[in-house]
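Engineer: Need the 3D shape of this:
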Amino acid sequence: MGVVNTTPDSFSDGGQFHGVDAAIGHGLDLIAQGAAIIDVGGESTRPGADRVASEEERRRVLPVVSGLANCGVVVSIDTMSAATAEAAVDAGARLINDVSGGMADPDMLRCVAAADVDYVVMHWRAQSRVMQARAVYTDVVEDVMGELLQRRDAAVAAGVDPARIILDPGIGFSKLGEHNWTLLRALGRFNALGHRVLVGVSRKKFLGDLVGGRPPAERDPATAAVSAWCASHGIWGVRTHEVRSQLDAIAVGSQLPLG
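Structural biologist: Just a heads-up that it's a prediction; the model follows:
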């Protein structure tokens, strides 16, 4: 899953693809590199980020979603807003990627059920501005799995087809560095829950911390190592800002099975 941010304040590439033509072009380039899905987002979810009005979010993302969909691209909409999700599906999106797992907008689960598209349910505890204060766990794997399954159950109760649900452990969201590594070591347990699993670690701070404090643009090799790890554990997808080196790492890893 290749990432296209239409935001001016993304931690990784803020403003770089803010214009419609630039965003569409970047999405097509990621497809050319081998991405299977393009995830279009109009609101930064980096720690400390402010919320974006739903109307502004739609202004940013809808032309990009429709432009990519008209080119035959499988498009995912990265949003916590039911109104944005609904409009994006109408514009051609085939997957809703909701980092809040339906908690940020009470209308989201109803929207997903009506749209009958794939739905990423991510583990989430609070909005970006305060989420890191919620990074307290008794057992991070058990706690995250339990809370994630509660959101899965809420989605199913709202009418979402269980086969449409994709689970995401929410790496970096209300989690400290060691929480992230512990969750990555336990990917097999998430895969055993009976749903496809998506993992997003691309260019995140805990990777930069591991490799000497490198800035986001220099974290792609570390991201690729995690992508290969995910693939070796049967993870359905990885969400990434860069594609070519991720696929190279996965290809090499496939020739070196664990065990």
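Engineer: all strands for the stretch 1-150 of the chain, in order.
Structural biologist: For the stretch 1-150 of the chain, the strands defined by DSSP state E, counting those that start in this stretch cover 2-5, 38-41, 75-78, 95-98, 118-122.
Engineer: packing partners for the last one?
Structural biologist: Under the contact criterion of 3 or more CB pairs under 8 Å, 6 or more residues apart in numbering; DSSP states H and E, the helices and strands touching strand 118-122 comprise strand 95-98, helix 140-157, strand 165-168. (Each C-beta comes from the backbone N, C-alpha and C, glycine too.)
Engineer: thinking again about what came up before, tell me which of the strands of the stretch 1-150 of the chain sits nearest to Glu57.
Structural biologist: strand 38-41 (8.6 Å; CB to CB).
Engineer: Touching the closest one from outside, list them.
Structural biologist: With CB atoms under 8 Å, 6 or more residues apart in numbering as the test, strand 38-41 has contacts from 1-7, 10, 23, 27, 30-31, 61, 64-65, 68, 73-79, 88, 93, 95, 97, 239.
Engineer: Sketch out the low-pLDDT regions of the protein for me.
Structural biologist: 9-18, 47-49, 259 (pLDDT under 70).
Engineer: now with 80?
Structural biologist: Scanning the chain with the threshold set as pLDDT under 80 gives 8-18, 44-51, 126-129, 257-259.
Engineer: hey, where'd the helices end up in it?
Structural biologist: Secondary structure of the chain, counting by DSSP state H: helices at 20-33, 54-70, 82-90, 108-115, 140-157, 177-185, 187-191, 205-210, 220-232, 244-254.
Engineer: Reformat those helices as JSON lines; add distance to Ser128 and mean neighbour count.
Structural biologist: Listed next are the helices of the chain as JSON lines, based on distance: least, CB to CB, whole Å; neighbours: other CB atoms under 10 Å:
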{"stretch": "helix 20-33", "distance to Ser128": "21", "mean neighbour count": "18"}
{"stretch": "helix 54-70", "distance to Ser128": "14", "mean neighbour count": "21"}
{"stretch": "helix 82-90", "distance to Ser128": "16", "mean neighbour count": "23"}
{"stretch": "helix 108-115", "distance to Ser128": "17", "mean neighbour count": "21"}
{"stretch": "helix 140-157", "distance to Ser128": "18", "mean neighbour count": "17"}
{"stretch": "helix 177-185", "distance to Ser128": "16", "mean neighbour count": "18"}
{"stretch": "helix 187-191", "distance to Ser128": "23", "mean neighbour count": "17"}
{"stretch": "helix 205-210", "distance to Ser128": "13", "mean neighbour count": "17"}
{"stretch": "helix 220-232", "distance to Ser128": "20", "mean neighbour count": "21"}
{"stretch": "helix 244-254", "distance to Ser128": "25", "mean neighbour count": "16"}
